[in-house]
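Enquirer: Just need the structure, nothing else, for what follows:
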Amino acid sequence: MKILPPTDEAILFAADALRSGELIGLPTETVYGIAADAANQDAILKTFSLKGRPAENPLIVHVSSLVNAEPLVSAIPESARRLAKTFWPGPLTLVLPKSSKVPNVVTGGLDTVAIRVPRHPVALAILEAAGMALTAPSANPFMGLSPTRADHIAPDVLAGLACVVDGGPCDVGVESTVVDCSGDLVSILRPGGVSRAMIEIMLGEPVLTSAESERRSPGMYRRHYSPKTPLRLVEKLGPFDAGVGFDAPLNSRQIQLPLNPQQYARHLYESFYTLDQMARLELLVESPPKGAEWEAVWDRLKKAVG
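Expert: Residues are numbered from 1 along each chain as shown. Next up, the predicted model:
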């Protein structure tokens, strides 16, 4: 059985597999990832192959602490250090100038590296047991729906993993916020589990939205995070529609999500997964509010629609 309970034995097994150049399924607070030794080029190439992911698309490197991040970067600006001390461990990824210790295959040839400290206790335990930095893109086929439960990992992906350590449902449910601190100005490349408002309060200044065409982080494609069934945004679900809404379901193919951006995000991918199993021609999603606190949700919905 590839999906293992989060025991000490499973964590040691996963760590041994990583040291042997194999891939494992890793729970984080955001989504489940495909973990590999960040210094092992062959293992990283296997990650790209398993996901069907373009090699130009950089990977996020996961470490267990800010101290362990320092050898991987050539500089940590004051803004990045303040963000790391506030939001790590947590769903925040920082893009920083990379050091020579980071293989080019990890960064898609860029001179920057995306790095974070996950908040999930199982992820941290595996990082400590393996004693290495790990790349861990979401455990989905490229552009597919990110899994937020171990048993939601696609069979084709699961087949390429030595194991998955089951850490339960992901608390955040959408990917990390990616903040570029590599230049003179701080900018958000991808909204996610840490809101823009929280970042701006910490830094004491507005944060830009990057308009760069260069993909300096994951999640910057126009279409991404998509279920197999086509999606469409609507104002209201009808009585015979299949999809996600805010009111009580009108049939068994509707899922009600809360009018709270954090709780909505937590259950969004799980809802898409459930509806995907029903093999409908189309899934409909009621448009959420337009407030700033819904930025990450809107980002994922627009990319899921493509």
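
Enquirer: Only C-alpha atoms from now on, for both contacts and neighbour counts.
Expert: Will do.

Enquirer: For residue 152, which residues are in contact?
Expert: By CA atoms under 8 Å, 6 or more residues apart in numbering, the residues touching residue 152 are residue 273.

Enquirer: For it, give its distance to residue 53.
Expert: For residue 152, the distance to residue 53 (CA to CA, to the nearest Å) stands at 19 Å.

Enquirer: residue contacts, residue 159?
Expert: If you count contacts by CA under 8 Å, 6+ apart, residue 159 has none.

Enquirer: what's around residue 184, how many residues?
Expert: Neighbourhood size, residue 184 [other CA atoms under 10 Å]: 8.

Enquirer: Please tell me I have it right and residue 233 contacts residue 282.
Expert: No. Here residue 233 lies out of contact with residue 282, judged by CA atoms under 8 Å, at a distance of 10.6 Å.

Enquirer: Would you enumerate the residues in contact with the residue nearest the centre of the chain?
Expert: When CA atoms, centre = their mean is applied to the chain, the residue found nearest the centroid is residue 175 (3.1 Å). Counting by CA under 8 Å, 6+ apart, residue 175 makes contact with 30-31, 91, 192-193.

Enquirer: Check for me that it belongs to a helix.
Expert: No. Counting by DSSP: H, G, I helix; E, B strand; the rest coil, one finds residue 175 to be coil, located in no helix.

Enquirer: ok, the lowest-mean-pLDDT helix or strand in the chain: who's next to it in the sheet?
Expert: Every helix and strand of the chain was ranked by mean pLDDT, DSSP states H and E. The lowest is strand 208-209, at a mean of 88. According to DSSP bridges, strand 208-209 forms sheet pairs with strand 187-190 (parallel).

Enquirer: Give the next helix or strand downstream of the partner strand.
Expert: helix 196-203 (DSSP states H and E).

Enquirer: helices and strands around that next one, which ones?
Expert: Judged by 3 or more CA pairs under 8 Å, 6 or more residues apart in numbering; DSSP states H and E, helix 196-203 is in contact with helix 78-87.

Enquirer: Remind me what the helix it packs on packs against, helices and strands.
Expert: So helix 78-87, by 3+ CA pairs under 8 Å, 6+ apart, packs with helix 196-203.

Enquirer: can you list contacts of the helix it packs on?
Expert: 79, 82-83, 86, 188, 206-207, 292-293.

Enquirer: what about the residue of the chain most remote from its centre, which SS state?
Expert: Distance from the C-alpha centroid of the chain peaks at residue 239, with 33.4 Å (CA atoms, centre = their mean). Assigned with three-state DSSP, residue 239 falls in the coil class.

Enquirer: just residue 126 next, same as before
Expert: helix.

Enquirer: Which residues outside the longest helix belonging to the chain are in contact with it?
Expert: Criterion DSSP state H: the longest helix present in the chain is helix 261-276. With contact meaning CA under 8 Å, 6+ apart, helix 261-276 is reached by 145-149, 152, 170-174, 227-229, 242-244, 253-255, 257-258, 283, 293-294, 296-297.

Enquirer: swap in stretch 238-246?
Expert: Under CA under 8 Å, 6+ apart, the answer for stretch 238-246 is 236-237, 250-251, 253-259, 271, 275, 280, 282-286.

Enquirer: can you do 6 Å?
Expert: For stretch 238-246, contacts defined as CA atoms under 6 Å, 6 or more residues apart in numbering pick out 250, 253-257, 283-286.

Enquirer: Neighbour-wise, which one of the residues you listed leads?
Expert: residue 254 (26 neighbours).

Enquirer: Low-confidence regions, the stretch 101-250 of the chain specifically.
Expert: 211-224 (pLDDT under 70).

Enquirer: Break down the stretch 1-150 of the chain into its helices, ranges please.
Expert: Ranges of helices in the stretch 1-150 of the chain, per DSSP state H, counting those that start in this stretch, are 8-19, 41-51, 66-69, 78-87, 104-107, 121-130.

Enquirer: Could you export those to a markdown table, including columns for mean neighbour count?
Expert: Putting the helices of the stretch 1-150 of the chain into a markdown table (neighbours: other CA atoms under 10 Å) gives the following:
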| stretch | mean neighbour count |
| --- | --- |
| helix 8-19 | 19 |
| helix 41-51 | 19 |
| helix 66-69 | 14 |
| helix 78-87 | 16 |
| helix 104-107 | 21 |
| helix 121-130 | 21 |
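
Enquirer: and the gap between residue 159 and residue 104?
Expert: 27 Å.

Enquirer: Equivalent analysis for residue 13, please.
Expert: 28 Å.

Enquirer: One more: residue 27?
Expert: 25 Å.

Enquirer: go on, residue 43?
Expert: 13 Å.

Enquirer: Check residue 73 too.
Expert: Taking CA to CA, one finds residue 73 at 13 Å from residue 104.
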